[in-house]
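Asks: Sharing a model prediction with you, sequence too.
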Amino acid sequence: MADKNIRSCRYKQCLHENKEIDIEKESFVHDGNSYYHKDCYKNKENYQKLKIMWHDNINHTVVYSQLAQIYNQLVFKDGLDSGYVLYTVWYCITHSYKLNYPPGIKYYINNKTILNEYKALVASRRPKVKTEFKATAPAINSPTFSYSEKKNGFGSILGGK
């Protein structure tokens, strides 16, 4: 009998070795009747946003299979963050860069200006972690140790200082 707490990730390009999701132990996203790992769902959503952004701002007659092929190559083969791919296209649109066809994304991916601005954006969204170190006084009943240095050398043999 199958375990009732195990679900299968519905993302075609699942990033995990095993598509199974243990809903008791792992974090997941439940969308309709489908279950996704959180990172798989993020990639799925970013691709959907990319399609809409491309259609509305660049070319409404885009070949979606070509766009998907470029997206999959950049994210899954080249190992780029899907958010960075989406940000690159958004940056090209808002800064009037000439981006007319999906393979053109590759030319802007390595742009230092876009990369630095994306890193700054990601760093500003991370929660600031405050670290506090507190020193406490030792307890009264704690043991104390003393160390007397033993004199070495020729003078210690003769009893000199």
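Replies: Structure's in. What do you need?
Asks: what about this structure, any weak spots by pLDDT?
Replies: In the predicted model, the chain carries pLDDT under 70 at residues 1-3, 128-140, 142-145, 150-151, 153-161.
Asks: Strands along this structure, start to end?
Replies: When assigned using DSSP state E, the strands of the chain occupy the ranges 6-8, 20-22, 28-31, 34-37.
Asks: Which of the ones you listed sits closest to Thr61?
Replies: When the strands of the chain are compared by CB to CB, strand 28-31 sits nearest Thr61, at 28.9 Å. Placement of C-beta: from N, CA and C, glycine included.
Asks: what residues does the closest one touch?
Replies: The contact list for strand 28-31, computed with CB atoms under 8 Å, 6 or more residues apart in numbering, reads Arg7, Ile21, Tyr35, Tyr36, His37, Lys38, Tyr41.
Asks: among these, which ones are buried?
Replies: Buried subset of those (neighbour count, 16 or more other CB atoms under 10 Å): Arg7, Ile21, Tyr35, Tyr36, His37, Tyr41.
Asks: I'd like the residues you listed as JSON lines, with distance to Asn152 appended.
Replies: Below are those laid out as JSON lines (distance: CB to CB, whole Å):
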{"residue": "Arg7", "distance to Asn152": "71"}
{"residue": "Ile21", "distance to Asn152": "67"}
{"residue": "Tyr35", "distance to Asn152": "71"}
{"residue": "Tyr36", "distance to Asn152": "70"}
{"residue": "His37", "distance to Asn152": "64"}
{"residue": "Tyr41", "distance to Asn152": "69"}
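Asks: For the most centrally placed residue in the chain, which non-adjacent residue is spatially closest?
Replies: Among the residues of the chain, Asp81 comes closest to the average C-alpha position under CA atoms, centre = their mean, at 7.3 Å. Leaving aside its sequence neighbours, Asp81 sits nearest to Val75 (CB to CB, 6 or more residues apart in numbering; 7.7 Å).
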